[in-house]
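Peer 1: Could you work out the structure for the sequence below:
(chains A and B)
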Number of protein chains: 2
Amino acid sequence: MKKIMLTGNTGKSTIMPGMSLKDLIDFCSIEKTIVITDNNVHRLYGEQFSRYRTVVIESGEQYKTLDTVHNIYEKLLELEFDRSSYLVGIGGGVVCDITGFAASTYLRGLSFGFVPTTLLAQVDAGVGGKNGVNFKGYKNLIGTINQPEFVICDFETLKTLPKAELSNGFAEVIKQALIGNKALFSRIERNREAALSLDKDTINRIVYDSLKVKTNIVSQDETEKGERRKLNFGHTFGHAFEKTARIRHGEAVSIGMIIEARLSEIKGMLKKKDVDRIKRVLTAFGLPVSFQGNAETIVEAIMKDKKREDDYIHTVLLDGIGKAGIEKIKINVIKEIAYDMCQPG
Amino acid sequence: MKKIMLTGNTGKSTIMPGMSLKDLIDFCSIEKTIVITDNNVHRLYGEQFSRYRTVVIESGEQYKTLDTVHNIYEKLLELEFDRSSYLVGIGGGVVCDITGFAASTYLRGLSFGFVPTTLLAQVDAGVGGKNGVNFKGYKNLIGTINQPEFVICDFETLKTLPKAELSNGFAEVIKQALIGNKALFSRIERNREAALSLDKDTINRIVYDSLKVKTNIVSQDETEKGERRKLNFGHTFGHAFEKTARIRHGEAVSIGMIIEARLSEIKGMLKKKDVDRIKRVLTAFGLPVSFQGNAETIVEAIMKDKKREDDYIHTVLLDGIGKAGIEKIKINVIKEIAYDMCQPG
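Peer 2: Presented below is the predicted three-dimensional model:
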């Protein structure tokens, strides 16, 4: 098992793909730790961490709110948790994001770690230190950047994921390949079946390489002033779709990636055959590549995007497969493309 | 005007004692800035920053809550604030703490600065990067550590402070002298009248030296793992009094300092004549040096102290005037002393 180290301003993170949830005890003591999980994960895997005191939250994006965080604060207060205490989030992206935010703000910062139990969280939310909650319908509007001390990626937990949720995770894996590792993209393309059936060696190699792309970028630019924006490939449009159409994150990012790949093609940065190749791979992993819906609401959602600065949005385009560049695009241009791409359903 | 630079993990802070509120424009643009202030400060000084968009909160510790922070989030959302936006807190400790927390958590962190308008905020809350709000009656239970980009200490704003509020600030100034600058303590002792009448040169020199003690400590230990705990001299007991008796922060710290000075005396670290000298100075600045009240509630409040780790509390004792040491003291011992010190009123 190869570890990945990520050093940020806020601390060091040890990421362990292929490690088991059962090894949690090596990283945090029973006495000083509280586990945050959701009812779904608790039902499936609760037995494996039953010795820890546990706060079970409702599962689902709709509970990724400040109210849920306040309930956790109350619980920590009730348990007389102090600065030597430890929080561990065991679950998907919602659990990791909430745990990270609660830990980062309680007593001005407790230590924390994650055991992400979805593929999406293993390659995305669990790694890189971004945490937070939604506010008034805007994704991750409130949060901080703070590295978890450890991240245990147990591939056994992926076996109970619904197929659509697994595809959701592969959207981010494919994104990471597209922005930073051409060979990884080819490997994903060639090993679709082994990947989707969670063949241990295949998934280990893919997750490891995908995490390397992400951690290399984050270690250069933890607070997203430049380089880290590359990780937003597919997300400028993706977040807007996700908000508007209430589809899964990975599905929204998949459509977003196609739009941004087409933008890259229009700019002469990406060949048409590569756009088609990306489409084929996304489709093969069960991900959508087109969208039918209302353009107005998409545009409005883009206007509230965190990546907006004045009249510009930083959008990520592909300079061939495996290489990304950040382009500052005028809101007006984005609007036009949005109207062009969204056909009324 | 001499600047003080403070470099933390979370950023650099430029602290400018003697600078004027009117110079704010040199640090943040009208377009990108929103000012957070309270109704009291707005009434007195609002004219000086009337060109900035402003959110006015209610003044008082009881509004230092997550609800107030949520209202600020809503306002920022309404104004379509983005990552290039800037928050400036103009007011006392409550305004600075709230502004810092809102800025640190909105969009995972906006840039921010302070114009502290009370002496207490100029030497304490405004400097060092601690921010946060109270929760369920516990002071600063929720917050982060994040440095403001600039701190403008305008001594003109101190002229409208009630006498008791000015004394409140001097409690922290005296504390800073006691833990780190013997000569400053003597200067405060000698220049009581000039200091209390806000003689410009006197206050400038005292605030500057006091800030140097604080920033030297913070730059060694931003996240309070060791050295920074020295700043809590008088606060272990102080916070408990503040919570229980609802007295001013400075008054509570004043009583706390006497208790912790007496503890230092009992341990043979401080001479009785120095304890008496500290008492005289605090009294001369209008601060209380004894307390009548219920010990049970004090002890209970100490149990919830952020500085508690398991059965210990890190308490700061004086090793002579101008030098502090951190002692890990058993909760039981603390309890005994609390019972001993608090006589029913």
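Peer 1: count of residues packed around A:D319?
Peer 2: 14 (other CB atoms under 10 Å in any protein chain shown). No exception for glycine: its C-beta is placed from N, CA and C like everyone else's.
Peer 1: Please apply the same query to the one 10 residues further on.
Peer 2: The number of residues packed near A:I329 is 18, by other CB under 10 Å.
Peer 1: And what about it, helix, strand or coil?
Peer 2: strand (DSSP: H, G, I helix; E, B strand; the rest coil).
Peer 1: Can you tell me how far it is from chain B?
Peer 2: 15 Å (CB to the nearest CB, to the nearest Å).
Peer 1: Report back the residue of chain A that's furthest from centre.
Peer 2: Ranked by distance from the centre of chain A (CA atoms, centre = their mean), the top residue is A:E80, with 31.8 Å.
Peer 1: now that residue: how far from A:D154?
Peer 2: 31 Å (CB to CB, to the nearest Å).
Peer 1: Could you do A:K175 as well?
Peer 2: With the distance defined as CB to CB, A:K175 ends up 22 Å from A:D154.
Peer 1: So for those two, which sits in the more crowded spot?
Peer 2: Legend: neighbour count by other CB under 10 Å for A:K175 and A:D154, higher for A:K175 (30 against 22).
Peer 1: now the helices: where do they sit in the stretch 201-345 of chain A?
Peer 2: A:235-245, A:249-266, A:272-284, A:295-303, A:331-341 (DSSP state H, counting those that start in this stretch).
Peer 1: Make CSV out of those helices and add distance to B:T10, mean neighbour count and mean pLDDT.
Peer 2: Formatted as CSV, the helices of the stretch 201-345 of chain A follow (distance: least, CB to CB, whole Å; neighbours: other CB atoms under 10 Å in any protein chain shown; pLDDT from 0 to 100):
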stretch, distance to B:T10, mean neighbour count, mean pLDDT
helix A:235-245, 25, 24, 81
helix A:249-266, 29, 24, 91
helix A:272-284, 38, 17, 97
helix A:295-303, 29, 18, 73
helix A:331-341, 31, 16, 72
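Peer 1: Tell me, how many residues neighbour the residue of the stretch 151-300 of chain A found nearest chain B?
Peer 2: Nearest residue of the stretch 151-300 of chain A to chain B (CB to the nearest CB) works out as A:T223 at 7.0 Å. A:T223 has 18 neighbours, counted by other CB under 10 Å.
Peer 1: what's near enough to touch the nearest residue to it once chain neighbours are set aside?
Peer 2: Leaving aside its sequence neighbours, A:T223 sits nearest to A:I145 (CB to CB, 6 or more residues apart in numbering or on different chains; 5.9 Å). By CB atoms under 8 Å, 6 or more residues apart in numbering or on different chains, the contact set of A:I145 is A:G8, A:T10, A:G129, A:K130, A:N131, A:E222, A:T223, A:E224, B:R108, B:G109.
Peer 1: quick one: the residue farthest from the centre of chain A and chain B, what's the gap?
Peer 2: 7 Å.
Peer 1: count of neighbours near A:E58?
Peer 2: Should you count by other CB under 10 Å, A:E58 turns out to have 11 residues around it.
Peer 1: would you turn the helices of the stretch 201-345 of chain A into a markdown table with distance to chain B?
Peer 2: Output for these, formatted as a markdown table (distance: least, CB to the nearest CB, whole Å):
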| stretch | distance to chain B |
| --- | --- |
| helix A:235-245 | 13 |
| helix A:249-266 | 17 |
| helix A:272-284 | 28 |
| helix A:295-303 | 7 |
| helix A:331-341 | 11 |
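Peer 1: Let me know which of the ones you listed is the nearest to A:R192.
Peer 2: helix A:272-284 (5.2 Å; CB to CB).
Peer 1: And the closest one, what does it pack against?
Peer 2: helix A:163-180, helix A:182-190, helix A:249-266 (3 or more CB pairs under 8 Å, 6 or more residues apart in numbering or on different chains; DSSP states H and E).
Peer 1: all strands of chain A, in order?
Peer 2: For chain A, strands defined by DSSP state E occupy the ranges A:4-8, A:11-17, A:33-38, A:53-57, A:86-91, A:111-116, A:133-135, A:138-142, A:150-153, A:308-309, A:312-318, A:324-330.
Peer 1: For the contacts of A:I145, give me TSV that also has distance to B:N204.
Peer 2: Converted to TSV, those look like this (distance: CB to CB, whole Å):
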residue	distance to B:N204
A:G8	38
A:T10	35
A:G129	41
A:K130	42
A:N131	42
A:E222	38
A:T223	35
A:E224	40
B:R108	37
B:G109	32
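Peer 1: ok, now which ones touch A:M5?
Peer 2: Contacts of A:M5 were listed using CB under 8 Å, 6+ apart, and they are A:K12, A:S13, A:T14, A:I15.
Peer 1: measure the second one to chain B for me?
Peer 2: Distance of A:S13 to chain B, computed by CB to the nearest CB: 15 Å.
Peer 1: give me every residue that touches the residue nearest to A:A240 when sequence neighbours are not counted.
Peer 2: Spatial nearest neighbour of A:A240, chain neighbours left out: A:A301 (3.9 Å); criterion: CB to CB, 6+ apart. Neighbour list for A:A301: A:H239, A:A240, A:K243, A:T244 [criterion: CB under 8 Å, 6+ apart].
Peer 1: can you rerun that using 6 Å?
Peer 2: A:A240, A:K243, A:T244 (CB atoms under 6 Å, 6 or more residues apart in numbering or on different chains).
Peer 1: hang on, isn't the first one packed against A:V299?
Peer 2: Same thing as A:A240. No - between A:A240 and A:V299 there is no contact under CB atoms under 6 Å: 7.7 Å.
Peer 1: Tell me which of the helices of the stretch 201-345 of chain A sits nearest to B:A164.
Peer 2: helix A:295-303 (48.2 Å).
Peer 1: what angle separates that closest one from strand A:312-318?
Peer 2: 100 degrees (axes from the mean of the first three to the mean of the last three CA atoms, to 10 degrees).
Peer 1: what's the angle from helix A:295-303 to strand A:138-142?
Peer 2: 10 degrees.
Peer 1: State the distance from the residue farthest from the centre of chain A to A:G109.
Peer 2: Distance of A:E80 to A:G109, computed by CB to CB: 17 Å.
Peer 1: go on, A:P116?
Peer 2: For A:P116, the distance to A:G109 - CB to CB - is 21 Å.
Peer 1: of the two, who's got more company?
Peer 2: A:P116 (29 against 19).
Peer 1: Kindly state the beta-bridge partners for that one.
Peer 2: A:G91 (DSSP bridges).
Peer 1: Is it in contact with A:Q122, as I believe?
Peer 2: Yes - under the criterion of CB under 6 Å, A:P116 makes contact with A:Q122 at 4.6 Å.
Peer 1: still on that earlier bit, from the contacts of A:I145, which has minimum pLDDT?
Peer 2: Among the contacts of A:I145, A:T10 has the lowest pLDDT, at 81.
Peer 1: need the contact list for that one.
Peer 2: Contacts of A:T10 by CB under 6 Å, 6+ apart are A:N146, A:Q147.
Peer 1: Perfect, I'm done here.
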